[in-house]
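**Student:** the following block contains a protein sequence and its predicted model.
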Amino acid sequence: MHNNSHNSNYNSSHSNNHSSHSSHSSNGYHYLEYTLIEEQPTNTYIGNIITNRNLTSTLTQSDLDQLEITFFTKPEAEMQFFDLDRKSGKLSTNRRVDREQVCPGLVSCLLQFDVSVRPLRLFQIQIEILDINDNVPVFEESPIMKSISESADLDTVLKVKPAVDLDSSSSSSNNNNHNNNNPFELVVEERADGRSDVKLKLRSKLDRENVDVYKLIIYAMDGGHQTGSCVIDIVVLDTNDNSPIFEKATYDVIVPENAQIGTTIITVRANDRDQGLNSLVHYSLSYQFHSESSIYFGVKPQSGKIFLKSNLDYETKKVHIFTVTATDRGSNPLPAHASVVVRVQNVNDNKPEISVRTMTS
């Protein structure tokens with residue numbers, strides 16, 4: 001656009017359904033400004049150089065008959081969309097004008113070129129292409145996969161690529177979720193260049209053992225209510241925040257004293273709600289208060305099978321009590337404990353003792 005000096009002359013603006021115009025002069029130079037709504041059909045009327053500048057009222061018919069109106073600008077990139085009648089001065093489109101192709105990414109779409117009205121004047125023509133809402137906001141990816149640790153702090157941010165709308169109007173976003181308790185808030189921040197930063201901000205603590213995947217839908221809406229959408233799957237990553245849990249607090253078993261070495265006397269089992277290595281459990285025995293029991297019993301670390309290491313003897317010890325420990329394999333292992341009570345069952349493995357008592361009279 002050109003600045004207008006104090007000696008500028010103006011004519012009133014006129015419009016039709018598809019275009020409008022205004023004109024003025026400045027420092028001896030003549031300007032005609034038009035607007036055109038994009039995507040109009042071929043041969044859409046834009047304006048008339050002669051009538052829009054009121055040349056008919058200032059020139060004689062003889063002068064008008066001698067006028068020849070031609071495009072003056074070279075190269076012709078800006079003029080390729082238009083036809084100009086050399087005698088009548090009619091300016092019209094010669095094809096559909098797609099604003100998004102002519103001025104991609106620009107807020108204003110202005111096409112400028114010069115027109116020669118021989119032998120009198122030179123006009124600068126400016127045509128502003130007006131946008132219509134003919135494009136839907138589009139996300140580059142859908143679905144989008146994101147991940148977040150279940151131990152993530154509140155206000156942790158997951159960035160999302162914003163939707164792209166080829167139209168000049170801005171778009172806004174909101175979200176919908178398939179989970180009743182959505183811990184994420186959609187935050188849209190407008191930048192100085194008109195684009196947006198789209199973020200998902202964590203607003204409540206996560207627990208993978210309760211919800212391991214959140215499925216969200218983000219909607220992008222432009223000013224004309226065209227809507228695009230994007231599915232986001234947020235996978236909650238496990239942290240080692242659960243200890244193994246034994247199926248029983250105390251395991252009580254009766255074992256005959258003549259059971260063979262290597263016999264499995266009982267299998268203990270603990271479960272961990274975590275995932276991966278955090279959920280893998282191995283077992284060990286503790287004899288802190290009953291160290292003598294370590295001679296008799298062992299446990300298989302992976303299976304939890306407790307077996308005999310030595311022969312039992314009811315006459316020596318009738319009850320053995322010890323602790324079995326289950327520990328996960330996370331980076332910070334968490335243990336759990338259960339008690340094992342082994343009751344030795346007597347077996348008739350001793351010969352009777354015969355004693356003779358004499359009777360005296």
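**Tutor:** Ah, there it is. None of the values given here were measured: they were computed from a predicted structure.

**Student:** so which residues of the stretch 51-200 of the chain form helices?
**Tutor:** All helices of the stretch 51-200 of the chain, identified by DSSP state H, counting those that start in this stretch, fall at 55-58, 61-66, 99-102.

**Student:** show me what the last one is packed against.
**Tutor:** Read that as helix 99-102. Helices and strands touching helix 99-102, as assessed by 3 or more Cβ pairs under 8 Å, 6 or more residues apart in numbering; DSSP states H and E, comprise strand 121-130. C-beta coordinates here come from the backbone N, C-alpha and C atoms, glycine included.

**Student:** about what we covered before: could you look over the helices of the stretch 51-200 of the chain and pick the most buried one?
**Tutor:** Mean neighbours per residue, mean count of other Cβ atoms under 10 Å, is largest over these for helix 99-102, with a mean of 17.

**Student:** burial count for residue 38?
**Tutor:** For residue 38, the count of nearby residues is 21 (other Cβ atoms under 10 Å).

**Student:** same question for residue 67.
**Tutor:** Close neighbours of residue 67, defined as other Cβ under 10 Å, add up to 19.

**Student:** and for residue 155?
**Tutor:** Applying other Cβ under 10 Å, I find that residue 155 has 9 neighbouring residues.

**Student:** low-confidence stretches in the chain?
**Tutor:** 1-29, 73-77, 119-120, 134, 166-180, 193-194, 223-226, 288-290, 349-361 (pLDDT under 70).

**Student:** tell me the domain boundaries of it?
**Tutor:** Domain segmentation of the chain under automatic domain parsing yields 9-130, 144-237, 245-345.

**Student:** circling back to that earlier point, out of the helices of the stretch 51-200 of the chain, which comes closest to residue 338?
**Tutor:** helix 99-102 (69.3 Å; Cβ to Cβ).

**Student:** dump the closest one to PDB, restricted to CA.
**Tutor:** What follows is helix 99-102, C-alpha atoms only, in PDB (Å, rounded to 0.1, in the frame of the first residue of the first chain):
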ATOM      1  CA  ARG A  99      -5.600 -17.800  -2.500                       C
ATOM      2  CA  GLU A 100      -3.700 -20.600  -0.700                       C
ATOM      3  CA  GLN A 101      -1.700 -21.300  -3.900                       C
ATOM      4  CA  VAL A 102      -1.100 -17.700  -4.800                       C
END
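
**Student:** contacting residues around stretch 54-72?
**Tutor:** Contacts to stretch 54-72, defined as Cβ atoms under 8 Å, 6 or more residues apart in numbering, come from residues 11, 49-50, 79, 84-87, 89, 113-120, 122.

**Student:** residues touching residue 273, list them.
**Tutor:** Applying Cβ under 8 Å, 6+ apart, the residues contacting residue 273 are 209, 242, 279.

**Student:** tell me which of the domains of the chain lies nearest to residue 137.
**Tutor:** Among the domains of the chain, domain 144-237 comes nearest to residue 137, with 3.8 Å by Cβ to Cβ.

**Student:** end-to-end on the closest one?
**Tutor:** Domain 144-237 has an end-to-end distance of 16 Å (Cα to Cα, to the nearest Å).

**Student:** centre of the chain to it, how far?
**Tutor:** Chain-centre distance of domain 144-237: 5 Å, with Cα atoms, centre = their mean, to the nearest Å.

**Student:** next one: stretch 78-98
**Tutor:** That offset, for stretch 78-98, works out to 46 Å (Cα atoms, centre = their mean).

**Student:** so can I have TSV of the helices of the stretch 51-200 of the chain showing distance to residue 30?
**Tutor:** Formatted as TSV, the helices of the stretch 51-200 of the chain follow (distance: least, Cβ to Cβ, whole Å):
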stretch	distance to residue 30
helix 55-58	10
helix 61-66	16
helix 99-102	25
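
**Student:** quickly note the distance from residue 86 to residue 267.
**Tutor:** Separation of residue 86 from residue 267 (Cβ to Cβ, to the nearest Å): 101 Å.

**Student:** could you do residue 276 as well?
**Tutor:** Taking Cβ to Cβ, one finds residue 276 at 24 Å from residue 267.
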